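Peer 1: Give the three-dimensional model of this entry:
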Amino acid sequence: MMKKLRKIEINILPLAISILLVLVSIGIIMTSQYIFDTKHYIGIACLTLSTILYFVNKKLYVIFFTLTLTMGLLGLLDFYVTTYRIGFAGSGINPIFLGLIILLFVVSKEQMSGLNSKDAENGGPKKKED
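Peer 2: Have a look, this model is predicted:
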């Protein structure tokens, strides 16, 4: 019982870090002259939907949050008020999103392996008939 509870706590880690980044960004916005961009509003909306999906449908959460982090990796959305980029000539990737997507892959191995198996498509493994 304790082991299963621990897995749930670890699986929420990338989402919790993302929520923490948004909360820090809101704090910075409130205490400085920074303003949110359209990318930030899109990122907050996707993060809110990901949070709801985490509690409602874990498989859909993994897919949607992976897509959200991929869009952030490419610079289409953002969670944090300051954007960091690693790359050349104005194009690159965001290292915050790269770290979050790697962490998501590490903690969600079991859920991701179940996404493309035939058992997941058919609703689970079939029982053998005697």
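Peer 1: what about residue 30, distance to residue 42?
Peer 2: For residue 30, the distance to residue 42 (CB to CB, to the nearest Å) stands at 20 Å. C-beta coordinates here come from the backbone N, C-alpha and C atoms, glycine included.
Peer 1: between these two, who's got more neighbours?
Peer 2: More neighbours surround residue 42 than the other of residue 30 and residue 42, with 16 against 8 (other CB atoms under 10 Å).
Peer 1: what's the nearest residue to that one if we skip its chain neighbours?
Peer 2: In this structure, residue 42 finds its nearest non-sequential neighbour in residue 77, 4.4 Å apart by CB to CB, 6 or more residues apart in numbering.
Peer 1: The one you found contacts residue 71, doesn't it?
Peer 2: Yes - at 5.1 Å, residue 77 counts as touching residue 71 under the criterion of CB atoms under 8 Å.
Peer 1: Pull up the overlap in contacts between those two.
Peer 2: Shared between the contact lists of residue 77 and residue 71 (criterion: CB atoms under 8 Å, 6 or more residues apart in numbering) are residues residue 46.
Peer 1: now the residue nearest to residue 42, what's its secondary structure?
Peer 2: The local conformation at residue 77, judged by DSSP: H, G, I helix; E, B strand; the rest coil, is coil.
Peer 1: Do you know the pLDDT at it?
Peer 2: You'll see residue 77 listed with a pLDDT of 90.
Peer 1: got it, and residue 95?
Peer 2: What the model reports for residue 95 is a pLDDT of 87.
Peer 1: can you start the count at 648 instead of 1 from here on
Peer 2: Yep, numbering from 648; the last one is residue 742 now.
Peer 1: What separation do you get for it and residue 729?
Peer 2: Using CB to CB, residue 742 is found at 12 Å from residue 729.
Peer 1: Phi first, then psi, for residue 733.
Peer 2: Residue 733 adopts backbone torsions of phi -120, psi 120, taken as degrees, to the nearest 10.
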